[in-house]
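Participant: Below is the structure, and that's it, no one-letter string:
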């Protein structure tokens, strides 16, 4: 694929996309934040278990 064709394809995709509404954006941000907190909490609990059982430090 040459560069000219690639740029046309990228431009076509950009033309059909739309900005999310405020509700869509806040919903996605909340779900992402909750997921990050859950994964971080699981990692922290595993770290505490490893420290108290003597696997680490």
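Facilitator: That came in fine, so what should we check first? Bear in mind that the values here come from a model prediction, so they are computed numbers and not experimental data.

Participant: Can you pull up the most central residue in the chain?
Facilitator: residue 32 (6.3 Å; CA atoms, centre = their mean).

Participant: tell me the mean pLDDT over the helix or strand containing it?
Facilitator: Assessed by DSSP states H and E, residue 32 sits inside helix 22-52. Average pLDDT, helix 22-52: 96.

Participant: quick revisit: where does the residue nearest to the centre of the chain sit relative to residue 25, distance-wise?
Facilitator: 11 Å (CB to CB, to the nearest Å). (Each C-beta comes from the backbone N, C-alpha and C, glycine too.)

Participant: Residue 7 too?
Facilitator: According to CB to CB, residue 7 stands 28 Å off from residue 25.

Participant: try residue 35
Facilitator: 16 Å.

Participant: same thing with residue 45?
Facilitator: To residue 25, residue 45 is 31 Å away according to CB to CB.

Participant: do the same with residue 12
Facilitator: For residue 12 relative to residue 25 (CB to CB), the value is 24 Å.

Participant: cool, residue 9 as well?
Facilitator: Look at residue 9 and residue 25: by CB to CB, they are 26 Å apart.

Participant: re earlier: same for the helix holding residue 32, what does it pack against?
Facilitator: Judged by 3 or more CB pairs under 8 Å, 6 or more residues apart in numbering; DSSP states H and E, helix 22-52 is in contact with no other helix or strand.

Participant: Off-centre distance for stretch 37-48?
Facilitator: Offset of stretch 37-48 from its chain centre (CA atoms, centre = their mean, to the nearest Å): 17 Å.

Participant: make that stretch 15-32, sorry
Facilitator: Counting by CA atoms, centre = their mean, stretch 15-32 is centred 13 Å from the centre of its parent chain.

Participant: Skipping its backbone neighbours, what lies nearest residue 50 in space?
Facilitator: Nearest residue to residue 50 in three dimensions, chain neighbours excluded: residue 56, at 4.5 Å (CB to CB, 6 or more residues apart in numbering).
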